[in-house]
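coordinates only, no sequence provided:
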């Protein structure tokens, strides 16, 4: 896809990625750290350079940003200090959460599902395989297009 993040090695210098995870519930810290390590391996497979990890322990995930306001500020400071290009969240982000995080931090923000779809897209060889992956990406992207072309969506009457 053209408007997706392309982490393919050789196409551009490796994007610097900051991994972000949220631990909630008993024994969650260890499970989250293991999951974030796996996310880092996926990021490296996609050609990104992992430059840091932030894990927040929360009883409930914030509906607006997944992580708390203070943690969003910490992520923004870390991203600036380490010149991060990309935030990778271990949890699935809602379209609103992704949009809010991108606005707050000023960096591209992807979740695990988007990263995996990008890896599949890069590795698909057959025409059918490429089409299936692109369809999956478009299905995932559709709810994230809110507000784009809103003026065109109104029917004229009169």
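Everything's here; your move. Remember, predicted model here, so these are calculated numbers, not experimental data.

surely residue 19 meets residue 41?
No - using Cβ atoms under 8 Å, residue 19 is not in contact with residue 41, being 10.5 Å away. Heads up, the C-betas are built off the backbone N, CA and C, glycines and all.

who's more crowded, these two?
residue 19 (23 against 10; other Cβ atoms under 10 Å).

would you say the more buried one is within a helix?
No - looking at residue 19 with DSSP: H, G, I helix; E, B strand; the rest coil, it is strand, so not inside a helix.

for the residue nearest to residue 53 when sequence neighbours are not counted, what are its contacts?
Nearest non-adjacent residue to residue 53, counting by Cβ to Cβ, 6 or more residues apart in numbering: residue 19, 4.5 Å away. Neighbour list for residue 19: 36, 39-40, 43, 50, 52-54, 88, 90 [criterion: Cβ atoms under 8 Å, 6 or more residues apart in numbering].

which secondary structure elements does the lowest-mean-pLDDT helix or strand in the chain sit against?
In the chain, no helix or strand scores lower on mean pLDDT, DSSP states H and E than helix 127-141, which sits at a mean of 81. Applying 3 or more Cβ pairs under 8 Å, 6 or more residues apart in numbering; DSSP states H and E, one finds that helix 127-141 contacts helix 112-123.
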